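S.K.: need a structure here:
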Amino acid sequence: MSEAFANNNGQPAGEGASRPVLLRAAREAAGLHIAALAAALKVPVRKLEALEAGRYGELPDLTFARALASSACRQLKVDPAPILEQIPQGVVRELGASRNGINAPFQPAHDPAPINPLSWLSRPALLAAIALLLGALVIVFLPRMEEPAQATVGGANVVTPVEPVAAVEPVPAQEPVAPGGVVTPAADAAVPAVSAPVVPVADPAATPAEPAPVSVAPSVPAPAQPAVSVPAVVASAAAVPAPPAPGTLLSIAATGESWVEVVNGSGSVVIQRMLQAGDAVDFSSAPPYTVVLGRAEAAQVTVRGKPFDVTRYARNNVARFEVK
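M.R.: Residues are numbered from 1 along each chain as shown. The predicted structure follows:
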């Protein structure tokens, strides 16, 4: 059977490509278009056309052609035997004798030769890289090594002396020296003045200039007067509210900024404004009074001349109460 086929696809050598007319006839008898059959088999139309026309060279191999024909027969519900007889069998290649028998000697793989580290040093690129690295190290560290050598002169370290800063004591103010070499002491000092002898003026060309001895009385500084601090009485006095007038039913005095609203018995708003420190308002007619105080701790309330504690009625620093 192997001698009957000469090409790779297993087609007969002396005959042309067989055409399975039965497959095309079965499809046309079923009234199915070739594109619909190709879609049902999920293969390209050109492969199905090549199978019906017997162009097996356009197919991958004869095994694929026989399998595709079997699938088409199952889809068309016809007997695949007559159609498969038109498709030649694949070439069965005989197994040739192996060149090496089972008893062939085994040759183990050779281990790679060990790498010699010195062989890397013979490469020019590696030598150039090492030279560049050494040059960079010399450029970086050489200036740092020269700096300590420049700071040493004759084997001794050069130390720059630091001049001490002299503390200058404050000199008390002195009165100007009066003519005749007499220094007038301060008015508050009790030290008597010492008069210096008057030296006649000689010719500067004949007599060398020598400083005349002048006795200067030590100047005793006057005792410093302590600064008297005067407290700001005016500011504190302005913050103290004035006492309420006699016969007042309700009095509100502000010790700081406080917002106040007072509504009388008829429902009219008597006052609604911000009180500054030292402000005071009095109410004596049309009670009862409904009072709202913002910042209750900055207000002093007096009811019928007696202090009234508003903190009992304060919530979130806002007090609400009624005076009858």
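S.K.: all strands for this protein, in order.
M.R.: With DSSP state E as the criterion, the chain has strands at 152-153, 156-157, 250-254, 258-263, 269-275, 280-283, 289-294, 299-303, 306-308, 314-315, 318-323.
S.K.: contacts for the last one, please.
M.R.: This points to strand 318-323. By CB atoms under 8 Å, 6 or more residues apart in numbering, the list of residues contacting strand 318-323 from outside reads 249-250, 287-294, 296, 303, 308, 310-311, 313. Quick note: C-beta positions are derived from backbone N, CA and C, even for glycine.
S.K.: average pLDDT across the longest helix seen in the chain?
M.R.: Taking DSSP state H as the criterion, the chain has its longest helix at helix 124-150. Mean per-residue pLDDT for helix 124-150: 81.
S.K.: now do stretch 87-97
M.R.: What stretch 87-97 shows for mean pLDDT is 62.
S.K.: mind starting the numbering at 872 from now?
M.R.: Okay, using 872 as the starting number, the last item reads as stretch 958-968.
S.K.: okay, residue 1068: pLDDT?
M.R.: pLDDT, residue 1068: 42.
S.K.: also residue 1035?
M.R.: Value listed for residue 1035 in the pLDDT field: 48.
S.K.: got it, and residue 1147?
M.R.: 92.
S.K.: ok, it - contacts?
M.R.: When contacts are counted by CB under 8 Å, 6+ apart, residue 1147 is found next to 1125, 1128.
S.K.: same question for residue 1163.
M.R.: Counted by CB under 8 Å, 6+ apart, residue 1163 has contacts 1131-1133, 1189-1191.
S.K.: report the buried members of these.
M.R.: Among the contacts of residue 1163, those scoring as buried are 1131, 1133, 1190 (criterion: 16 or more other CB atoms under 10 Å).
S.K.: can you give me the helices in the chain?
M.R.: 892-900, 905-912, 916-924, 933-947, 952-957, 988-992, 995-1021, 1104-1110.
S.K.: and the second one, what does it pack against?
M.R.: Read it as helix 905-912. Packed against helix 905-912 by the contact rule (3 or more CB pairs under 8 Å, 6 or more residues apart in numbering; DSSP states H and E) you find helix 916-924, helix 933-947.
S.K.: let me have these in CSV, extended by distance to residue 910 and mean neighbour count.
M.R.: Listed next are the helices and strands packed on helix 905-912 as CSV, based on distance: least, CB to CB, whole Å; neighbours: other CB atoms under 10 Å:
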stretch, distance to residue 910, mean neighbour count
helix 916-924, 9, 18
helix 933-947, 11, 18
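S.K.: could you dump these into JSON lines with distance to residue 1145 added?
M.R.: Formatted as JSON lines, the helices and strands packed on helix 905-912 follow (distance: least, CB to CB, whole Å):
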{"stretch": "helix 916-924", "distance to residue 1145": "96"}
{"stretch": "helix 933-947", "distance to residue 1145": "99"}
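S.K.: of all those helices, which one is nearest residue 1140?
M.R.: Residue 1140 lies closest, by CB to CB, to one member of the helices and strands packed on helix 905-912: helix 916-924, at 98.1 Å.
S.K.: between that closest one and helix 933-947, how big is the angle?
M.R.: 90 degrees (axes from the mean of the first three to the mean of the last three CA atoms, to 10 degrees).
S.K.: can you check the pLDDT for the closest residue to residue 1144 other than its chain neighbours?
M.R.: For residue 1144, ignoring the flanking residues on the chain, the nearest one in space by CB to CB, 6 or more residues apart in numbering is residue 1131 at 7.0 Å. Looking at residue 1131, its pLDDT stands at 93.
S.K.: with residue 912 instead?
M.R.: Residue 912 is given a pLDDT of 85.
S.K.: that one against residue 943, yeah?
M.R.: Yes. Taking contacts as CB atoms under 8 Å, residue 912 lies within contact range of residue 943: 6.4 Å.
S.K.: now do the shared contacts for these two.
M.R.: Common neighbours of residue 912 and residue 943 (criterion: CB under 8 Å, 6+ apart): residue 919.
S.K.: could you list the low-confidence segments of the stretch 1022-1171 of the chain?
M.R.: Residue ranges of the stretch 1022-1171 of the chain with pLDDT under 70: 1022-1118.
S.K.: let's see it at 50
M.R.: Filtered on pLDDT under 50, the stretch 1022-1171 of the chain yields the residue ranges 1024-1033, 1035-1039, 1042, 1044-1110.
S.K.: ok, so of the contacts of residue 1163, who is nearest residue 926?
M.R.: Nearest member of the contacts of residue 1163 to residue 926, counting by CB to CB, is residue 1189, at 102.9 Å.
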